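J.: just the structure for this:
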Amino acid sequence: MATVLDVGLFSFMLPFFIFLFTFVVLYALLSKTKIFGEKQVMLNFIAAFCVSVIAVFTGSLTGVISIIAPWIVFLIIILVFLFALFQFFGIEKDKDIWDYIGGPTVVYIIVLIIVLIGLSQVFETQLSPFTDANGTVIQEGKSVRSEVIQTITHPRLLGAIFILVTAGFTIKLLIDKPA
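T.: Residues are numbered from 1 along each chain as shown. Next up, the predicted model:
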């Protein structure tokens, strides 16, 4: 029975979405950076098209894009809602809204984190110290993900982060002069 939540068609159309996503991103980057020159629109189109076709047939890249694309779309939707919220409250200039959000640098950092997480999820089996060359698990119950979570939640690391944050706020409050 066909439902609204049926995602079978999305998995069938995944190569088309990957082609479209890589083509749009590459064409935008090539047009913005003007690597091939000022008036080379056709060359930008051909280069983006060729790389996008190659990306469809590369299994690893397909996996990375299928992981990071939904998160980037989610980030764009959140940004649209934030801009709409700020404009609803009367802030009209985009520069002022970016100042409240933290600037485009925050968005770039979030996209970089999304890409790194996507890369780590796709290539975890190849780079994991807990598996051999065939992908079989050497140490039961251990994976890169579980070890990273165990390291981040270790009491010594959490205590060190707390001390650093407290010291940072203390220094900031000591330096700031009261008005």
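J.: could you check how many residues crowd around F21?
T.: Using other C-beta atoms under 10 Å, F21 has 18 neighbouring residues. The C-beta positions use only the backbone N, C-alpha and C, and glycine is treated the same way.
J.: mind checking which helix or strand the residue positioned nearest the centre of the chain is in?
T.: Central residue of the chain (C-alpha atoms, centre = their mean): I114, 2.4 Å from the mean position. For I114, the host element (DSSP states H and E) is helix 104-122.
J.: same question for I65.
T.: Assigning secondary structure by DSSP H and E places I65 in helix 59-88.
J.: now do the buried residues in that helix.
T.: Across helix 59-88, burial judged by 16 or more other C-beta atoms under 10 Å covers 61-69, 71-72, 86.
J.: what's the answer for stretch 89-105, then?
T.: So for stretch 89-105, counting by 16+ other C-beta under 10 Å, buried means 97-98.
J.: same check, this time on stretch 153-170
T.: Across stretch 153-170, burial judged by 16+ other C-beta under 10 Å covers no residue at all.
J.: average pLDDT for it?
T.: Mean pLDDT, stretch 153-170: 91.
J.: same check, this time on stretch 44-53
T.: Stretch 44-53 carries an average pLDDT of 92.
J.: same thing with stretch 86-98?
T.: Averaging pLDDT along stretch 86-98 gives 82.
J.: L30 contacts N44, doesn't it?
T.: Yes. The criterion here is C-beta atoms under 8 Å, and L30 meets it with N44 at 4.1 Å.
J.: isn't the residue nearest to the centre of the chain right up against L75?
T.: Yes. Look at I114 against L75 with C-beta under 8 Å: they come within range, at 7.3 Å.
J.: for this protein, just list every one of the strands.
T.: Here the chain has no strands by DSSP state E.
J.: domains for it, by residue range?
T.: In terms of domains, the chain is parsed into 13-57, 63-122 (source: automatic domain parsing).
J.: could I get those domains as a markdown table with distance to K177?
T.: Output for the domains of the chain, formatted as a markdown table (distance: least, C-beta to C-beta, whole Å):
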| stretch | distance to K177 |
| --- | --- |
| domain 13-57 | 42 |
| domain 63-122 | 23 |
